[in-house]
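1. after the sequence you'll find the predicted model.
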Amino acid sequence: MKKKVCKSCKMFIEGDECPVDKTSNFSTNWQGRIYISDANKSEVAQKIGIEVKGEYAIKCR
């Protein structure tokens, strides 16, 4: 089974609500993934606007 991704913040979700932006708008159509372990120290996270550690999809439809 494919993982669900929040369409607005692109974070992988296991429940029924996104913990970052509190929405329930998900997609199972995604490509690539990135894991941010420390959003404050990561240059990649700062460039793409991620503020919470976790696993994110690179592209989501």
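-> Received the coordinates, thanks. Numbers count the residues shown, from 1 in each chain.
2. what ranges do the helices span in the chain?
-> Here the chain has its helices, by DSSP state H, at 43-48.
3. any idea which residue is closest to the centre of it?
-> Centroid-nearest residue in the chain, with Cα atoms, centre = their mean: Met11, separated by 1.5 Å.
4. distance of it relative to Ser37?
-> 14 Å (Cβ to Cβ, to the nearest Å). C-betas here are computed from N, CA, C, even on glycine.
5. overlap in contacts, those two.
-> Common contact partners of Met11 and Ser37 (Cβ atoms under 8 Å, 6 or more residues apart in numbering): none.
6. quick one: the strands in this structure, in order.
-> All strands of the chain, identified by DSSP state E, fall at 4-6, 12-13, 26-27, 30-36, 54-60.
7. ok, the residue nearest to the centre of the chain touching Val5?
-> Yes - Met11 is in contact with Val5 according to Cβ atoms under 8 Å; the separation is 7.1 Å.
8. for the closest residue to Gly54 other than its chain neighbours, which residues are in contact?
-> Leaving aside its chain neighbours, Gly54 sits nearest to Met11 (5.4 Å; criterion: Cβ to Cβ, 6 or more residues apart in numbering). The contact partners of Met11, by Cβ under 8 Å, 6+ apart, come to 5, 18-20, 52, 54-57.
9. identify the bridge partners of Met11.
-> Counting by DSSP bridges, Met11 forms beta bridges with Tyr56.
10. all further residue positions should be reported with the first residue as 49.
-> I'll keep to 49 as the first residue from here, and by that count the last item is Met59.
11. separation between it and Ile82?
-> Applying Cβ to Cβ, the value for Met59 to Ile82 is 11 Å.
12. where does the chain have low pLDDT?
-> Scanning the chain for pLDDT under 70 picks out 49.
13. which one of the strands of the chain lies closest to Gln94?
-> The closest of the strands of the chain to Gln94 is strand 78-84. By Cβ to Cβ, the value is 10.0 Å.
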